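Participant: Any chance you can model this:
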Amino acid sequence: MTTPYDKHKRRWYSGNSDSEYYLNEAMNNFNELVDNKLSPSVHTVKYTIPLDYDIKNRFEENILISDLNRMEQIKDQKLLHVKLNSEIDSGSIIYWNNEEWIVSNEEHNSVQSHKTFTIIKCNLPLNIRFNGSHYNFAIYISNLTIYSDGASELVDMTLSSAKYSIQISENEITNTIDVGTRFIVRGRAFEVTIVDDFTIKNVRTLTVVETVANSLDDLENNIAWNKNADKEKNDNPNLKIVGSDFIYVGGTAEYECSNIIEWELERTEKAKIISSETGKCKIKCGTSSDYIGEKIILYATDERGNMKEKIIYIRGMF
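Facilitator: The predicted structure follows:
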């Protein structure tokens with residue numbers, strides 16, 4: 001049996017302070033706990049490493065799961081505890097209890113014997129088409145309706161403008177997501193309005209709002225059309241949008257392009273499409289003088305998905 005004197009003698013001859021000794025002891029105790037599965041809260045799980053977009057690359061490790069110590073328990077969040085040398089980090093995906101969990105922010109332990117993270121249960125898959133290939137990523141999506149008036153007025157229709165927050169792991173594919181990127185989730189179209197890529201390491205938090213699906217969206221398979229979906233089809237030189245390079249504040253302008261079936265403006269309050277048909281569209285500029293000198297982008301897409309864009313500058317009346 002080790003006596004307090006033996007511990008003191010070992011610390012003295014090893015040159016370690018009391019704090020270093022107890023820290024090492026705590027670290028060894030935790031490692032022994034997870035390595036030997038000495039608690040029913042220890043599980044062997046598969047996981048991905050951050051920034052790797054290939055979700056087939058999975059590794060295995062013993063981890064400790066605990067509940068959040070809060071007055072009101074959040075069912076979709078847990079605490080994850082791993083060894084200090086673990087490759088699991090913010091942005092990893094944990095496959096536990098037949099669910100996918102995204103590793104979110106790292107907590108700060110008072111005793112640095114192991115690492116602790118908040119993990120959130122993913123509730124939907126997100127399909128992304130990039131450079132002609134399809135990718136599927138687990139996401140956590142939550143409602144932010146409280147920050148919205150709930151409706152958005154467009155020409156001849158009213159859309160729900162309820163906002164949602166999406167957390168998704170960063171990687172080569174998801175890092176291309178930017179303001180204006182569109183998604184299809186359960187047959188509904190959404191557009192990114194805010195990208196937060198700095199609050200949580202290796203995790204992108206997106207604010208999205210419901211928008212209009214277009215003819216190039218694959219609603220059945222939940223794949224949205226975006227400009228970078230097929231890189232080789234971007235800005236086809238054989239297409240030409242005919243029309244003025246500028247529009248007046250409060251005025252209208254008409255544009256033509258042969259065989260175009262889809263007209264779209266970048267998401268902006270400066271202008272809107274008020275009529276469109278195959279090969280033609282008409283846009284109207286807002287009346288605010290603050291728009292003078294700004295630019296808007298008009299996108300034209302043919303039935304094969306080939307796309308052309310035109311930059312239009314806003315001028316004042318005088």
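Participant: Point out where the stretch 151-300 of the chain drops to low pLDDT.
Facilitator: The stretch 151-300 of the chain contains residues with pLDDT under 70 at 151-161, 228-238, 267.
Participant: what about the strands in it?
Facilitator: 152-154, 157-159, 163-169, 182-185, 188-200, 203-210, 246-248, 252-256, 260-265, 271-277, 280-285, 295-302 (DSSP state E, counting those that start in this stretch).
Participant: Include mean neighbour count when you put these into CSV, please.
Facilitator: To be clear about C-beta, it is placed using only N, CA and C from the backbone, and glycine gets the same treatment. Listed next are the strands of the stretch 151-300 of the chain as CSV, based on neighbours: other CB atoms under 10 Å:
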stretch, mean neighbour count
strand 152-154, 12
strand 157-159, 10
strand 163-169, 20
strand 182-185, 22
strand 188-200, 16
strand 203-210, 20
strand 246-248, 17
strand 252-256, 15
strand 260-265, 20
strand 271-277, 15
strand 280-285, 19
strand 295-302, 20
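Participant: which parts of the helix or strand harbouring Asn29 are buried?
Facilitator: Applying DSSP states H and E as the criterion places Asn29 in helix 18-35. Of all the residues in helix 18-35, those buried under the rule 16 or more other CB atoms under 10 Å are Met27, Phe30, Asn31, Leu33, Val34.
Participant: Identify, from those, the entry nearest to Thr176.
Facilitator: Val34 (36.4 Å; CB to CB).
Participant: I'd say the closest one and Ile65 touch.
Facilitator: No: the pair Val34 and Ile65 does not pass the contact test of CB atoms under 8 Å, sitting 10.7 Å apart.
Participant: what do those two both touch?
Facilitator: His81 (CB atoms under 8 Å, 6 or more residues apart in numbering).
Participant: can you pull out the helices in this structure?
Facilitator: Assigned helices in the chain, in chain order: 4-14, 18-35 (criterion: DSSP state H).
Participant: By mean pLDDT, show me the worst of those.
Facilitator: For the helices of the chain, mean pLDDT drops lowest on helix 4-14, to a mean of 50.
Participant: tell me the average confidence for stretch 79-94?
Facilitator: 95.
Participant: What residues of it count as buried?
Facilitator: Leu80, His81, Val82, Lys83, Ser86, Ile88, Asp89, Ser90, Gly91, Ser92, Ile93, Ile94.
Participant: again with stretch 288-295
Facilitator: Tyr291, Glu294.
Participant: residues making contact with that stretch?
Facilitator: Val249, Lys270, Cys285, Ile311, Ile312, Tyr313, Ile314, Arg315, Gly316.
Participant: Just the buried subset of those residues, written out for PyMOL, thanks.
Facilitator: In PyMOL, a selection of the buried entries from the contacts of stretch 288-295 looks like this (16+ other CB under 10 Å):
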select buried, resi 249+270+285+312+314+315
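Participant: how much distance is there from stretch 122-132 to the middle of the chain?
Facilitator: Here stretch 122-132 is found 10 Å from its chain centre; the criterion is CA atoms, centre = their mean, to the nearest Å.
Participant: List of residues touching that stretch?
Facilitator: Against stretch 122-132 from outside (CB under 8 Å, 6+ apart): 76, 93, 99-102, 134-141, 166, 168, 173-174, 176-177, 183-186, 221-226, 228-232.
Participant: Kindly report the same for stretch 193-203.
Facilitator: If you take CB under 8 Å, 6+ apart as the criterion, stretch 193-203 is touched by 50-51, 89-92, 102, 104-106, 163, 167-170, 175, 177-179, 204-209, 267.
Participant: Now with 6 Å, please.
Facilitator: Pro50, Ser90, Gly91, Ser104, Asn105, Gln167, Glu170, Arg204, Thr205, Leu206, Thr207, Val209 (CB atoms under 6 Å, 6 or more residues apart in numbering).
Participant: roughly how far out does the helix holding Asn29 sit from the chain middle?
Facilitator: Taking mean C-alpha positions (CA atoms, centre = their mean), helix 18-35 and its chain are 37 Å apart.
Participant: Just put the buried residues of stretch 79-94 in a markdown table and tack on distance to Asp302.
Facilitator: Listed next are the buried residues of stretch 79-94 as a markdown table, based on distance: CB to CB, whole Å:
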| residue | distance to Asp302 |
| --- | --- |
| Leu80 | 49 |
| His81 | 54 |
| Val82 | 51 |
| Lys83 | 55 |
| Ser86 | 50 |
| Ile88 | 46 |
| Asp89 | 44 |
| Ser90 | 42 |
| Gly91 | 38 |
| Ser92 | 42 |
| Ile93 | 38 |
| Ile94 | 44 |
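Participant: closest to Val242 among the residues you listed?
Facilitator: Of those, the one sitting nearest to Val242 (CB to CB) turns out to be Gly91, at 46.5 Å.
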